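# need a 3D model of the following:
(one chain, ligands or ions: 2)
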Amino acid sequence: MTVREGSLEAPTRHPLDWKSADFYDEAKLEKELERVFDICHGCRRCVNLCTTFPTLFDLIDESKTMEVDGVAKQDYWKVVDQCYLCDMCYMTKCPYVPPHEWNVDFPHLMLRAKAVKFKKGEVSFRDKLLSSTDTLGKLATIPVVVQMVNAANKSGFARGLMDNMLGVHRERVLPEYDSARFRATARPDTSFPVKDGKNTPGKVAIFSTCYVNYNEPGIGHDLLKILAHNEVPAALVEKEACCGMPKLELGDLEAVERNKEINIPVLAKLARQGYAILAAVPSCTLMFKQELPLMFPADADVRAVAEAMFDPFEYLILRNKDGLLKTDFKQPLGKVSYHVPCHLRVQNMGQKTRELLEMIPGTRVTTIERCSGHDGTWGVKSEYFEQSMKIGRPVFRQMAEAAPDYISSDCAIAGRHIKQGMGETTAQKQHPVTLIRIAYGL
Ligand code: SF4
Ligand code: SF4
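Ligands and ions are numbered 1, 2, ... in the order given. Got it, this is the predicted structure:
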């Protein structure tokens, strides 16, 4: 029998079989890890994507047999711990993804391993805390507490304590919290008539996301201004919890399900009422478009939400295609170094943010499509901070080379990480949504 090198058919993704007993069976997991690691050892295409593959290949190359069978099973966890589930190996490199008979889904195998680890209770207090973005945000944005938290995040003494006691690296620049939460201060305008386009619903519901709600409400306000300028009626999703991505990355799939039970009924109702649902954080849109449908393949509500969910730039570019987007940009942006985050790339919709930025007169966009190395919480952790900066180095360099007026990433966390990595720079960091608001002169 000949095994074909790669597949000529479109890649498919199998649902995550996380409700079956086999999923959490450690012996079966080890067997599957060994099988896939062996395929990767023979392939090695992904060596430069992240530190997961170099860790695996070093373990193999330094073992007695120089094969996967020479690697101690407990060392498999070193590989698992390096993966931050960006999905890039699956989406951009791997020729052996389904329907290829080898059926390699490296990120979902790592996710299964993380879920097994979580079930065994082998997850630190720090990791549970960092992935509780909603709880942290609610506490940290209480008036008075917010000043203390923001001051502590900038104090060398407090950061030293956080590093030693909690495992949050002292040099990582952390986002500030804002007591004027987006959901409490947003004033969406519902007064415009609904104009449906061929490709876009004519009314929008905003899923605010933990980050925009607690850390950078300005991004949400700017999105509302852009929608109002284009006479699109907008509403806030009436009730929301975290999308679940941080818990997914931790392997806490039951917590993902709990959040899904809060979000999906509300969002599905909006989807069926004909709303486009917009979220300005790529990881959150990815969660609703891809991860939840793979975890709950038979759930019609989850499917309805996935179909109604848009990245803001995906929506605006489709709106333009419908002839319903205003292009009366008044303010040139000059030179913009724009970074495409992994969780946006894997949504397979092309570079919609770049397209819209390039429509602004007097604007030159340099696009960098490479992992910045932060991930949601991975690059914050003391043990991964250095690697996170190392992975990001080519991005920092390429962003700086264009001598930009602005640096920007759809992922606000990656944007901050890139600014930190660039060091001294006169460039302003702004989210792409804010850049569009500036260009409109709003
Ligand atoms: S999902 Fe991302 S971090 Fe994980 S192994 Fe693949 S490329 Fe590396
Ligand atoms: S994930 Fe696929 S492309 Fe990457 S090293 Fe493994 S087999 Fe090769």
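
# hey, let's count contacts and neighbours off CA atoms from now on
Will do.

# quick one, what contacts residue 137?
Each residue near residue 137 by Cα atoms under 8 Å, 6 or more residues apart in numbering is listed here: 177, 210, 214-215.

# if we use 10 Å, what do you get?
The contact partners of residue 137, taken as Cα atoms under 10 Å, 6 or more residues apart in numbering, are 146, 177-179, 181, 210-211, 213-215.

# those residues in helices, which ones?
146, 210 (DSSP state H).

# from the contacts of residue 137, which is closest to ligand 1?
residue 211 (21.6 Å; Cα to the nearest ligand atom).

# now the phi/psi pair for residue 441, please.
Reported as degrees, to the nearest 10, the phi and psi values for residue 441 are phi 70, psi 30.

# quick check: the gap between it and ligand 2.
Distance, residue 441 to ligand 2, by Cα to the nearest ligand atom, to the nearest Å: 45 Å.

# same check on residue 231?
Relative to ligand 2, and taking Cα to the nearest ligand atom, residue 231 is found at 45 Å.

# who's in contact with the most centrally placed residue in the chain?
By Cα atoms, centre = their mean, the chain has its centre lying nearest to residue 283, at 2.7 Å. Residue 283 makes contact with 86, 209, 243-246, 289, 291, 341-344, 347, 375-376, 410-411 under the criterion Cα under 10 Å, 6+ apart.

# low-confidence ranges, the protein, go.
By pLDDT under 70, the weakly predicted segments of the chain are 1-9.

# so which bits of it are right by ligand 1?
49-50, 52, 83-89, 107 (Cα under 6 Å from any ligand atom).

# 8 Å - rerun?
Within the chain, the positions lying close to ligand 1 (Cα under 8 Å from any ligand atom) are 46, 49-53, 82-90, 106-107, 110.

# before we move on, the earlier item: okay, the residue nearest to the centre of the chain and residue 138: tell me how far apart.
Distance, residue 283 to residue 138, using Cα to Cα, to the nearest Å: 20 Å.

# with residue 259 instead?
16 Å.

# how about residue 121, what does it touch?
Residue 121 neighbours (Cα under 10 Å, 6+ apart): residue 115.

# what does the one 10 residues further on give?
Contacts here follow Cα under 10 Å, 6+ apart; on that basis residue 131 touches 242, 244-250, 252, 376-377.

# burial check on residue 64, number of neighbours?
Per other Cα atoms under 10 Å, the neighbour tally for residue 64 reads 12.

# can you tell me which residues contact it?
By Cα under 10 Å, 6+ apart, the neighbours of residue 64 are 70-71.

# and it, which of the three is it?
coil (DSSP: H, G, I helix; E, B strand; the rest coil).

# tell me the bridge partners for the residue lying closest to residue 429 once chain neighbours are set aside.
Spatial nearest neighbour of residue 429, excluding adjacent residues (Cα to Cα, 6 or more residues apart in numbering): residue 407 at 4.8 Å. Beta-bridge pairing for residue 407 (DSSP bridges): residue 337, residue 429.

# I figured residue 313 hits residue 356, correct?
Yes - counting by Cα atoms under 10 Å, residue 313 sits close enough to residue 356 to count as a contact (7.3 Å).

# okay, and the common contacts of those two?
In contact with both residue 313 and residue 356: residue 432, using Cα under 10 Å, 6+ apart.

# compare the two (neighbour count), which wins?
residue 313 (21 against 17).

# ok, now how distant is the more buried one from ligand 2?
In terms of Cα to the nearest ligand atom, residue 313 sits 30 Å off from ligand 2.

# residues contacting residue 272?
Residue 272 neighbours (Cα under 10 Å, 6+ apart): 301, 304-305, 308.

# looking at those residues, which are in strands?
With DSSP state E as the criterion, strands contain none of the contacts of residue 272.

# got phi/psi on the residue nearest to the centre of the chain?
Torsion angles, degrees, to the nearest 10, at residue 283: phi -60, psi -30.
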